[in-house]
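*Asks:* Just to be clear, the model below is a prediction. Sequence and coordinates:
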Amino acid sequence: MQLVPSLLFGISASLDALLAGVSFGLRGIHVRLPQNLFISLVALLGTCLSVGCGGLLTPLFPPAISHFAGSLILTLWGICYIAGWFSKALRDRRSPDGADSGTAALISAEHPPESLAAGQILLLSLTLSANNLGIGLSASIAGLTLVPAVIATFICSVLFLYLGNRLGRSRLMRLIGSLSDPLSGILLISLGLVQLLV
């Protein structure tokens, strides 16, 4: 049953898109549907590449070892996401002036652009794609199937980028955006445990 693991993977791999959407929404930048689809397709290609490479590596190891190793790596990825978020939160707490500098910079532009520029689209696409490489490889080694994983990733990416951009000025969405790393970490740990048990 690949539905739950694929959904967990898709959500976790796409939380960066939610954060990006919130960021652009705060700046008054509208991410149009064709731009959203292009960004999500490039992220999808990165996911396909990483999950496919994991599928090629899996036969090189005994099934029990590759399954356990993939699940362990996913769990470690999740712990790293959470630890990185805590570290950043502690740094921000120690320097109150710097804590909100990112948000202040986002909303301080007097005349923000109305739409993403071509360079921004490409950079965001490659960034989201690169973010999926490590967890995609680990998930594949742990036994995640390619097709459900990439479908879930594409749908979640399009949806999260749209929602984040649409509701970027909402306090709730800003909170969710700021919690994307620990949420992603929890989902990755959950995915690692689910893959270990199935």
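*Replies:* Cool, got the structure.
*Asks:* ok now do the nearest residue to Ile121 once chain neighbours are set aside, which residues does it touch?
*Replies:* Leaving aside its chain neighbours, Ile121 sits nearest to Gln35 (5.4 Å; criterion: C-beta to C-beta, 6 or more residues apart in numbering). (C-beta placed from N, C-alpha, C; glycine too.) By C-beta atoms under 8 Å, 6 or more residues apart in numbering, the contact set of Gln35 is 115-116, 121.
*Asks:* Which one of those is nearest to Ala43?
*Replies:* Using C-beta to C-beta, Ile121 comes nearest to Ala43 of those, at 11.9 Å.
*Asks:* thinking again about what came up before, show only the entries of the contacts of Gln35 found in helices.
*Replies:* Counting by DSSP state H, the part of the contacts of Gln35 found in helices is Ile121.
*Asks:* what about whichever strand or helix holds Cys156, average pLDDT?
*Replies:* Element membership for Cys156 (DSSP states H and E) is helix 146-166. Computed over helix 146-166, the mean pLDDT rounds to 87.
*Asks:* on contacts alone, who are the packing partners of that helix?
*Replies:* With contacts defined as 3 or more C-beta pairs under 8 Å, 6 or more residues apart in numbering; DSSP states H and E, the packing partners of helix 146-166 are helix 3-26, helix 33-57, helix 118-141, helix 171-178.
*Asks:* Could you check how far the next helix or strand after the longest one is from the centre of its chain?
*Replies:* Okay, so that is helix 33-57. Downstream of helix 33-57, the next assigned helix or strand under DSSP H and E is helix 63-94. For helix 63-94, the gap between its own C-alpha mean and the chain's C-alpha mean amounts to 13 Å (C-alpha atoms, centre = their mean, to the nearest Å).
*Asks:* For the closest residue to Ile155 other than its chain neighbours, give me its contacts.
*Replies:* Leaving out its chain neighbours, the residue that sits closest to Ile155 by C-beta to C-beta, 6+ apart is Gly10, at 6.7 Å. Shown in contact with Gly10 (C-beta under 8 Å, 6+ apart): 149, 151-157.
*Asks:* ok, now which ones touch the closest residue to Asn36 other than its chain neighbours?
*Replies:* Using C-beta to C-beta, 6+ apart and skipping the chain neighbours, the partner closest in space to Asn36 is Leu161 (5.1 Å). Neighbouring residues of Leu161 by C-beta under 8 Å, 6+ apart: 14, 17-18, 20-21, 31, 36, 39-40.
*Asks:* these two touch, right, Thr47 and Val150?
*Replies:* Yes. Shown here, Thr47 and Val150 form a contact pair, counting by C-beta atoms under 8 Å, at 5.2 Å.
*Asks:* Lovely, talk soon.
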